[in-house]
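In: no sequence on hand, only this structure:
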């Protein structure tokens, strides 16, 4: 039940423990909390991440590039445990001053190029390697339309709907109704668009699909928030067709488990430093 008697103070003050799922790491200031140098592996591309939807975007992208024969896309993926505050280390803040995963450091340049914000990492990799972003102006623009749509829309699905439906310490009807309405509107936008072609930006698989699937595909397939039934997933037939289509891509199957720390042990590859790690280093094998 909502407390209708509460009124905001004139000046907000930080309550260090508000009881929420992320209360121990959320804070109203930026910058490092501790000194720690990030590890660097053997490949030019060094990824520091966690297997959340935002993290999956980049590992799926890298696995898709490798599947296309782009050897320069080999990468080391280091686990950043955001629940333990790894993103606030001095090394991580140097790569991403916003302290959010994923963050990429490209050591093929001197000095290394830092790339942060998941959408920008996808764009950087697509332009660097010349794949998964159409070269013709119309196709490129349509792909970027949907990449930026995702970057603006996903916070309403994740930080809005997902938070209040799944993580908030109390169920607030107004908040859940508000963000459910917006989430369903977004699914309807996507469903109508996918009724026009096989993929989000047309008939070609692009970084738009790679960006959108970990959020909207995972939600409708029941992989996050346990909300597929609540959102009436079956009513979005075009999105479900697309979500299942992409879920069966071998590169997606690999990329979605990198840096993942929950779910079945065989779907957890905490760190990835070589293609063989998928066969030898998943948690079922490490703990077996």
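Out: Done, it's in. Worth saying up front: this structure is predicted, and the values here are computed from it rather than measured.

In: my read: residue 254 touches residue 63, true?
Out: Yes - with contacts counted by CB atoms under 8 Å, residue 254 reaches residue 63, the gap being 4.6 Å. For glycine as for every other residue, the C-beta is placed from the backbone atoms N, C-alpha and C.

In: neighbour-wise, which of the two wins?
Out: residue 63 (25 against 21; other CB atoms under 10 Å).

In: now do the contacts for the more buried one.
Out: 251, 252, 254, 255, 258 (CB atoms under 8 Å, 6 or more residues apart in numbering).

In: which one of the residues you listed sits closest to residue 91?
Out: residue 258 (19.9 Å; CB to CB).

In: now do the same contact list for the closest one.
Out: 49, 51, 55, 56, 59, 63, 77, 269, 272.

In: what strand or helix carries the fifth one?
Out: Okay, so that is residue 59. According to DSSP states H and E, residue 59 maps onto helix 53-67.

In: distance between that helix and the chain's centre?
Out: 10 Å (CA atoms, centre = their mean, to the nearest Å).

In: and the helices in the stretch 151-288 of the chain?
Out: Using DSSP state H, counting those that start in this stretch, the helices found in the stretch 151-288 of the chain span residues 173-194, 207-212, 218-220, 237-247, 250-255, 277-280, 283-287.

In: tell me which of the ones you listed sits most buried.
Out: Of all the helices of the stretch 151-288 of the chain, helix 207-212 carries the top mean neighbour count, a mean of 29, counting by mean count of other CB atoms under 10 Å.

In: got the contact list for residue 233?
Out: 219, 220, 221, 222, 240.

In: angle of the helix holding residue 59 against helix 237-247?
Out: Using axes from the mean of the first three to the mean of the last three CA atoms, to 10 degrees, the inter-axis angle of helix 53-67 relative to helix 237-247 is 50 degrees.

In: quick one: low-confidence parts of the stretch 1-150 of the chain?
Out: 1-3, 18-19 (pLDDT under 70).

In: now do the strands in it.
Out: 45-49, 75-79, 103-106, 113-116 (DSSP state E, counting those that start in this stretch).
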